[in-house]
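In: no sequence for this one, just the structure:
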């Protein structure tokens, strides 16, 4: 593909397209966009919108594994696209194909939801390879990009079924992270950061490590949950093999389960032990602490429903 094939739209034209549109982060971005008059499209396999009362937000059916759905998602030539990878190791193949088609349609900006655990790497896997690809496409100002690299989500403890069931039924949280500490980040802070990068006039053209305000091990998390619930919850340390098996039982593909278990081991050795002020700089507010989320959503841990 040559530059002659690209149609570059002014940044203030077109809607914002949210892939993974009904997922944790995208639906939170949609809630922010619903408070504006900015046209927005939530793209998901169901084609639903989580903001049915918002006149500026619509839904469209989209499937990473079905290229025939790409054209409809891109029909209005979005001003910016929020990229959320499918949960497969080779997410680069469908994502790069989509990015190329979108650029040919005139899309100017891409904001990738990646991970604090994945650096930009042309020889890497998953979002790390997509991150490197977006950097490489930053040629002659024709493509604008940002890579959001959030750490582990606070909401995992209330939205992942395995965590909810083990906390409610066993009084345990499971991991292979030992005493490794994580700057757990709130989805609302990731979404607010993404909102800024999707809508600001200036091209971001950078990566953003999105971290929470405090370093907490799984043991610390269990202690906070214990305090909030008024009953004992403990961290149960797993071996890497046990962790991989737990992911596999939950339905995760084998290679992806291996990668996720390996990330726990990296945390054990300090890979996530860092904080920064990225959320404050992007949003103008301090990131939310884990205890606030735990207090707000503790009802989830009081029932197996």
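Out: Yes, it's here. Everything quoted here is computed from the prediction, not taken from an experiment.
In: ok so residue 207 is a helix residue?
Out: No. The assignment for residue 207 (DSSP: H, G, I helix; E, B strand; the rest coil) gives strand, which keeps it out of a helix.
In: Now do the buried residues in stretch 160-179.
Out: 163, 164, 166, 167, 168, 171, 173, 174, 175, 176, 177, 178 (16 or more other C-beta atoms under 10 Å). Every C-beta, even on glycine, is put in place using the N, C-alpha and C of the backbone.
In: And stretch 33-41, by the same measure?
Out: 33, 34, 38, 39, 40, 41.
In: Please verify my assumption that residue 103 contacts residue 138.
Out: No. Counting by C-beta atoms under 8 Å, residue 103 does not reach residue 138; the two are 11.7 Å apart.
In: Give me the more crowded residue out of those two.
Out: residue 103 (20 against 14; other C-beta atoms under 10 Å).
In: Pick out the most distant pair among the buried residues of stretch 33-41.
Out: Across those, the longest distance by C-beta to C-beta is 12.6 Å; it joins 34 and 41.
In: Please identify every residue contacting each of these two.
Out: residue 57 (C-beta atoms under 8 Å, 6 or more residues apart in numbering).
In: that older thread, sort out for me which of the buried residues of stretch 33-41 are in helices.
Out: residue 33 (DSSP state H).
In: of the buried residues of stretch 33-41, closest to residue 228?
Out: residue 34 (29.9 Å).
In: That closest one and residue 51, how far apart?
Out: 4 Å (C-beta to C-beta, to the nearest Å).
In: Pull up the overlap in contacts between these two.
Out: With C-beta under 8 Å, 6+ apart as the test, residue 34 and residue 51 both reach residue 57.
In: shaky segments in the stretch 101-250 of the chain?
Out: For the stretch 101-250 of the chain, the stretches with pLDDT under 70 are 139-140.
In: Now do the helices in it.
Out: For the stretch 101-250 of the chain, helices defined by DSSP state H, counting those that start in this stretch occupy the ranges 126-136, 156-159, 161-170, 187-199, 218-229, 240-249.
In: which stretch among those helices comes nearest residue 88?
Out: Between those, helix 126-136 lies closest to residue 88; by C-beta to C-beta that is 7.9 Å.
In: from the chain's centre, how far out does the closest one sit?
Out: 15 Å (C-alpha atoms, centre = their mean, to the nearest Å).
In: Return the list of helices and strands in contact with it.
Out: helix 92-105, strand 109-113, strand 144-150 (3 or more C-beta pairs under 8 Å, 6 or more residues apart in numbering; DSSP states H and E).
In: want to throw these into a markdown table with distance to residue 19?
Out: A markdown table is the format used below for the helices and strands packed on helix 126-136 (distance: least, C-beta to C-beta, whole Å):
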| stretch | distance to residue 19 |
| --- | --- |
| helix 92-105 | 8 |
| strand 109-113 | 9 |
| strand 144-150 | 13 |
